[in-house]
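Undergrad: return atomic coordinates for the entry below.
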Amino acid sequence: MAAHNTFGKEAEQMAESWLKEKGHEVLYRNWRHSHYEIDIISLKNNVLHIVEVKARRSNTYGNPEDSVTRKKFKYLQKATDEFLYHHPEYRFLQFDILSITQQENREPEFFLIEDFYY
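TA: Modelled structure (predicted):
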C-alpha cells in the first residue's frame with residue numbers, strides 16, 4: 001500500500017477515535033454503495049453526522065479542509081441520498097468536515113467544521 005493510502009487509513013482511525021471522545025456514536029466508517037463512499041457516519045444527540053475526513057502532513061499546500069470542493073460536496077450529497085434511501089429512519093442530519101494536520105514529531109491537530117454546506 002502506498003504511503004499516502006496508509007496515512008489516509010491512519011487519519012480515518014484517528015478521526016473515529018476523536019469523534020468518539022466528543023460523544024459521537026460511530027455507525028459506519030467508509031460506507032460504500034456503488035461508487036459512492038462516506039468516510040464516517042456517526043450519531044450524536046439524535047443528529048446523523050456525515051463526516052468527510054481530510055488529512056495532511058503539513059500546511060504547505062493549504063489546510064486539509066481546503067480540499068473539499070463544490071464537486072466533492074455534491075458527490076457527498078449524492079452518497080448521503082443513497083444512504084438515507086437505505087436508512088430512512090434518520091430525520092435530522094448535518095455535514096461535517098474533520099480536518100487533521102499531522103506534522104512530523106507533533107501531536108495531530110483536529111479542526112471540526114460542523115454543519116457545512118457548499
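Undergrad: quick check: bridge partners of the residue nearest the centre of the chain?
TA: With distances taken as C-alpha atoms, centre = their mean, residue 52 lies nearest the centre of the chain, 2.3 Å away. Taking DSSP bridges as the rule, residue 52 bridges to residue 97.
Undergrad: quick check, pLDDT for the closest residue to residue 86 other than its chain neighbours.
TA: The spatially closest residue to residue 86, leaving aside those adjacent along the chain, is residue 33, at 7.3 Å (C-beta to C-beta, 6 or more residues apart in numbering). The C-beta positions use only the backbone N, C-alpha and C, and glycine is treated the same way. Residue 33 is assigned 92 on the pLDDT scale.
Undergrad: ok, now residue 14?
TA: Reported pLDDT for residue 14: 96.
Undergrad: contact partners for the residue nearest to residue 86?
TA: The contact partners of residue 33, taken as C-beta atoms under 8 Å, 6 or more residues apart in numbering, are 79, 82, 83, 86.
Undergrad: out of those residues, which end up buried?
TA: By neighbour count, with 16 or more other C-beta atoms under 10 Å, the contacts of residue 33 hold 79, 82, 83 as buried.
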